[in-house]
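J.: Test case, fold it:
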Amino acid sequence: MTEYLLLVLIPLAAYAGWAVARGAIGRGERKRNRSFSNRYFQGLNYLLDEQPDKAIAVFIEMAEVTADTVETHLALGSLFRRRGEVDRAIRIHQNIISKPGLDEAQKTRALLELGEDYMRSGLFDRAESLFNELIERDPDSPSALRSLLDIYQQEKDWEKALLQAQKLEAVTEEKMGLVMSHFCCEMAECELLKAQPGAARKQLRQARRYSPESIRTRMILARIEEQQEMFNEALSVYEDIASMDMEYIHEILPSYLLCGQKSEEYQRTLEHLERWSEDYDGVSLLLAQTQIISDRQGIDAASHYIANALTQRPSVKGLDRLIELKLAGAQATESGDAILRAVAQKLLARQPSYRCTNCGYAGHSHHWQCPSCKNWSTTRIIRGVLGE
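T.: From the prediction side, this is the model:
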């Protein structure tokens, strides 16, 4: 960050030097220029001594905000904000705005930067007022619209966030359907907290209009059906989710099985589990089927089932369940040692052996120079359960 500050200071120092060089003829002017020159060289000394903060103070004092220097002042303000010195950034941007003679684009840029300062410092009310002022001046200002959208998301004001997203889509033609769908889902969750399932359903219908393939919309809808004891309808929604994206099976599985048990179509859920297992190799489905077999046929049958599955798809969670069954009295299986070895090999194959102590880069080979951060002698062997 210091390097960036120095880069910004160079044109500011050059401007101050130019002001010194153009000195006037009169005695009063010469005296004033002598003082100006002293301040200029003082700033240069700070710059050369790598004291950029002191140099900044000197050069900002010397260089008035004009159309020629405004970009440098704006850059300095942005750098201060990135460094976390938000109060300093606010002062710089307020100083720019207060100066006459700047064109409309420069004022707008300074107002946007000041709004970002307020956001960074948590002054959302001030930032919101500033961005609304900018939108009144230019309704098609995407930067102000994006900033307002960010504010409303942080404040969890989903209704206003939805309105801003609609405006932003109209101005930029950027596809905001998925984002707007999530805003509607957030409002549906709020309605459920107030025990208003009808209002929640209305928000979900709006969400599906914005994003017809929304998984989240269906997840909330299934929950509503379940709460209202419409278990068959909930099963259909959960099956719809699984058909759209099987990666969500582990999320819906507990509720799906519970709805199946409470409905009159439990066999339907078991048949779907069998079909899903042909394409989905997640351990959550394996554990669910193991529990069903344990409940229906006993722990010996469950132990054999999960042991056979683990020889094909080894996993730590599956191994933990198998050990649990053994401790509960299930008969030992011949494949026990093979399962242990398969799980260990799978874990070791994925586990890096070395990690850089400087940047965290991990790999299987030792490097004297870290391939990521380029530091020397920072790579160390990993110690612990899966390491040395």
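J.: could you show me where the strands are in the chain, in order?
T.: Secondary structure of the chain (DSSP state E): strands at 354-356, 362-363, 379-381.
J.: neighbouring contacts of the second one?
T.: Yep, that's strand 362-363 we're talking about. Pro352, Ser353, Tyr354, Arg355, Cys356, Pro371, Ile382 (C-beta atoms under 8 Å, 6 or more residues apart in numbering). (Each C-beta comes from the backbone N, C-alpha and C, glycine too.)
J.: rerun at 10 Å
T.: For strand 362-363, contacts defined as C-beta atoms under 10 Å, 6 or more residues apart in numbering pick out Gln351, Pro352, Ser353, Tyr354, Arg355, Cys356, Cys370, Pro371, Ser372, Thr379, Ile382.
J.: out of those residues, which are buried?
T.: Ser353, Tyr354, Arg355, Cys356, Cys370, Thr379 (16 or more other C-beta atoms under 10 Å).
J.: With pLDDT as added columns, please give these in TSV.
T.: Output for the buried ones among the contacts of strand 362-363, formatted as TSV (pLDDT from 0 to 100):
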residue	pLDDT
Ser353	81
Tyr354	88
Arg355	91
Cys356	92
Cys370	90
Thr379	87
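J.: For these, name the two members farthest from one another.
T.: Ser353 and Cys370 (14.4 Å; C-beta to C-beta).
J.: Low-confidence stretches in the stretch 201-350 of the chain?
T.: For the stretch 201-350 of the chain, residues meeting the criterion pLDDT under 70 lie at 333-349.
J.: Show me where it has its helices.
T.: For the stretch 201-350 of the chain, the helices defined by DSSP state H, counting those that start in this stretch occupy 215-227, 231-244, 249-262, 266-279, 283-297, 299-312, 316-327, 336-350.
J.: These: which one's closest to Thr172?
T.: Once the helices of the stretch 201-350 of the chain are compared by C-beta to C-beta, helix 215-227 is nearest, at 24.1 Å.
J.: helices or strands up against the closest one?
T.: With contacts taken as 3 or more C-beta pairs under 10 Å, 6 or more residues apart in numbering; DSSP states H and E, helix 215-227 sits against helix 177-193, helix 197-210, helix 231-244, helix 249-262.
J.: Now with 6 Å, please.
T.: Applying 3 or more C-beta pairs under 6 Å, 6 or more residues apart in numbering; DSSP states H and E, one finds that helix 215-227 contacts helix 197-210, helix 231-244.
J.: Which residues outside the last one are in contact with it?
T.: The one in question is helix 231-244. With contacts defined as C-beta atoms under 6 Å, 6 or more residues apart in numbering, helix 231-244 is touched by 215, 218, 221-222, 225-226, 248-249, 252, 256, 259, 262-263.
J.: what's the most distant pair in those residues?
T.: Within the contacts of helix 231-244, two members stand farthest from each other by C-beta to C-beta: Ile215 and Lys262, at 23.2 Å.
J.: Contacts only, for Val179.
T.: Ala165.
J.: and the gap between Leu204 and Met187?
T.: 9 Å (C-beta to C-beta, to the nearest Å).
J.: Repeat that for Asp150.
T.: From Asp150 over to Met187 (counting by C-beta to C-beta), the distance is 18 Å.
J.: swap in Glu159?
T.: 7 Å.
J.: for Pro197, same thing?
T.: When Pro197 is compared with Met187 (using C-beta to C-beta), they lie 13 Å apart.
J.: Of the two, which one has the most company?
T.: Met187 (21 against 16; other C-beta atoms under 10 Å).
J.: so the more buried one touches Gln203, yeah?
T.: Yes - the pair Met187 / Gln203 is scored as a contact, 4.7 Å apart, by C-beta atoms under 6 Å.
J.: burial measure for Leu322, as a count.
T.: Neighbours of Leu322 (other C-beta under 10 Å): 25.
J.: contacting residues around it?
T.: Leu322 neighbours (C-beta under 6 Å, 6+ apart): Ile306.
J.: can we see that at 7 Å?
T.: Leu322 is in contact with Ser303, Ile306, Ala307, Leu310, Ile339, counting by C-beta atoms under 7 Å, 6 or more residues apart in numbering.
J.: from those, which is closest to Gly329?
T.: Distances from Gly329 to the contacts of Leu322, taken by C-beta to C-beta, are shortest for Ser303, at 9.6 Å.
J.: any idea how far Pro212 is from the spatially closest residue to Ser214 that is not a sequence neighbour?
T.: Excluding its sequence neighbours, the residue lying closest to Ser214 (C-beta to C-beta, 6 or more residues apart in numbering) is Ser181, at 4.8 Å. Distance, Ser181 to Pro212, by C-beta to C-beta: 9 Å.
J.: Same question for Cys359.
T.: Counting by C-beta to C-beta - Cys359 and Pro212 are separated by 43 Å.
J.: between those two, who's got more neighbours?
T.: Legend: neighbour count by other C-beta under 10 Å for Cys359 and Pro212, higher for Cys359 (14 against 10).
J.: The residue nearest to that one when sequence neighbours are not counted: how many residues sit nearby?
T.: Here the nearest residue to Cys359 in space, its sequence neighbours aside, is Cys373; by C-beta to C-beta, 6+ apart that works out to 3.9 Å. The number of residues packed near Cys373 is 12, by other C-beta under 10 Å.
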